[in-house]
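Asker: Build me a structure from this.
(one chain, ligands or ions: 1)
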Amino acid sequence: MASSMAFADCSTSAPTRTFLFSRLRPCRGLPSIPPHLLRGLPVAGFRLPSLRITNSPSSFPKAAISTEASAMVIDGKSIAKEIRHEITTEISRMKDEIGVIPGLAVILVGDRKDSTTYVRNKKKACESVGIKSYEVCLPEDSTEEEVLKFISGFNDDPEVHGILVQLPLPSHMNEQNILNAVSIEKDVDGFHPLNIGRLAMRGREPLFVPCTPKGCIELLHRCNIDIKGKQAVVIGRSNIVGMPAALLLLREDATVSIVHSRTKNPEEITSQADIIIAAVGQPNMVRGSWIKPGAVIIDVGINPVEDATSPRGYRLVGDVCYEEACKIASAVTPVPGGVGPMTIAMLLSNTLSSAKRMHNFQ
Ligand code: NAP
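Answerer: Numbering: from 1, shown residues only. You can find the predicted model right below:
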């Protein structure tokens, strides 16, 4: 991990745009987030008092930044726990009423440490809500045909309602062939082109939506944050996070911009956003100066950065400079403890939905 670790500390360099305000004050009409879903900070919605912008040589206005953290912290861990509780209740009802237990099959190829940990966590999460998990661990040098054979077996197995192939696959395998082989009815990761295609089309419904972006939207919903008509910026356009997140925001009637590695003016575009979803994989890339006062920030990034004070020698940070965001945004997800726990909760939710759909259980 150390070799790919970044040195990134957003407290060290000055933001290019700062704002003059002393305190955020509560306000009606802005989202009020249920208190139990927030951590440590004020509970009601907040709006900034009007800003005094001073002249600046840069294209961005300059002013003095508040030193106090005022954003509400969106507690993804608590929200995910609440969702898992709901799922547990539903699974037990389903078992009692029709005798069906949802099943999730996970296929892992190779022994990457991070993938092994993810798979172990998914298995534990399944057990905790009552989903039966099936696991296949294949050696790194397995053939594509071997993987396809297991997928085909799970496609035909009526006790399996969801199939997940842990990515990344070894480089000798064709990811597209393998993901396409998963039955669209069991594609709980939502990566099948038919599911993504339906997500992109008006009037079509995907059977499953990819878990991480679905978790981002669920956080906004559960925190009563309006999406309709808002300016949203998604930073990153990967197939698994950025692109589906943008499609989901569009379905929610946001006006969506996507920032990627070739975007010329990412800071300027991002600073227009009422809602930012950052999924870049660059530690602390989004600085305070990129954030419109009062914006809501969902930080998907999980980046290890060196930290000599941590027993592990590193700590995890997001794509957004959290300390600066807390002073400018109205709500922000922490890393860890924001989007991460939601991803697994959404996988469990997709597996339950799949079992319900297959057995026509309402
Ligand atoms: P990815 O496949 O590497 O995609 C990164 C995206 O960011 C690409 O679209 C890339 O643009 C864009 N990008 C890279 N550098 C940029 C820059 N300097 N300015 C603007 N855009 C830039 O990553 P991913 O799989 O989407 O994951 C993104 C982050 O989310 C990672 O930190 C990952 O660990 C984390 N993640 C978290 C969860 C969770 O459950 N919380 C789940 C999945 C991923 P191009 O397309 O132009 O290359």
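Asker: For V119, list the residues it contacts.
Answerer: Under the criterion of Cβ atoms under 8 Å, 6 or more residues apart in numbering, the neighbours of V119 are 106, 108, 135, 137, 166. (C-beta placed from N, C-alpha, C; glycine too.)
Asker: how close does V280 sit to the ligand?
Answerer: Counting by Cβ to the nearest ligand atom, to the nearest Å, the gap between V280 and the ligand amounts to 4 Å.
Asker: meant to ask about I227
Answerer: Taking Cβ to the nearest ligand atom as the measure, I227 and the ligand are separated by 19 Å.
Asker: With adjacent residues omitted, what lies nearest to that residue?
Answerer: Spatially, and ignoring its direct neighbours in sequence, I227 is nearest to E252 (4.1 Å; Cβ to Cβ, 6 or more residues apart in numbering).
Asker: Contact partners for that neighbour?
Answerer: With Cβ under 8 Å, 6+ apart as the criterion, the residues that contact E252 are 217, 227-228.
Asker: Need the pLDDT of it.
Answerer: In this model, E252 is scored at 98, pLDDT.
Asker: now swap in I277 and tell me
Answerer: At I277, pLDDT is 99.
Asker: Would you confirm that it contacts V234?
Answerer: Yes: under the criterion of Cβ atoms under 8 Å, I277 lies in contact with V234, with a separation of 4.7 Å.
Asker: Using CSV, list the CA coordinates for the longest helix seen in the chain.
Answerer: The helix spanning the most residues in the chain, taking DSSP state H as the definition, is helix 76-98. Written as CSV, here are the backbone C-alpha positions of helix 76-98 (Å, rounded to 0.1, in the frame of the first residue of the first chain):
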residue,chain,number,x,y,z
GLY,A,76,-23.1,7.2,6.6
LYS,A,77,-22.4,4.6,9.2
SER,A,78,-25.6,5.3,11.1
ILE,A,79,-27.7,5.5,7.9
ALA,A,80,-26.2,2.2,6.7
LYS,A,81,-27.0,0.6,10.0
GLU,A,82,-30.6,1.8,9.8
ILE,A,83,-30.9,0.3,6.3
ARG,A,84,-29.4,-3.0,7.4
HIS,A,85,-31.9,-3.1,10.2
GLU,A,86,-34.7,-2.6,7.7
ILE,A,87,-33.3,-5.3,5.4
THR,A,88,-33.0,-7.8,8.3
THR,A,89,-36.7,-7.2,9.2
GLU,A,90,-37.7,-7.7,5.5
ILE,A,91,-35.7,-10.9,5.2
SER,A,92,-37.2,-12.3,8.3
ARG,A,93,-40.7,-11.5,7.1
MET,A,94,-39.9,-13.1,3.7
LYS,A,95,-38.6,-16.2,5.4
ASP,A,96,-41.6,-16.5,7.6
GLU,A,97,-44.2,-15.8,4.9
ILE,A,98,-42.8,-17.8,1.9
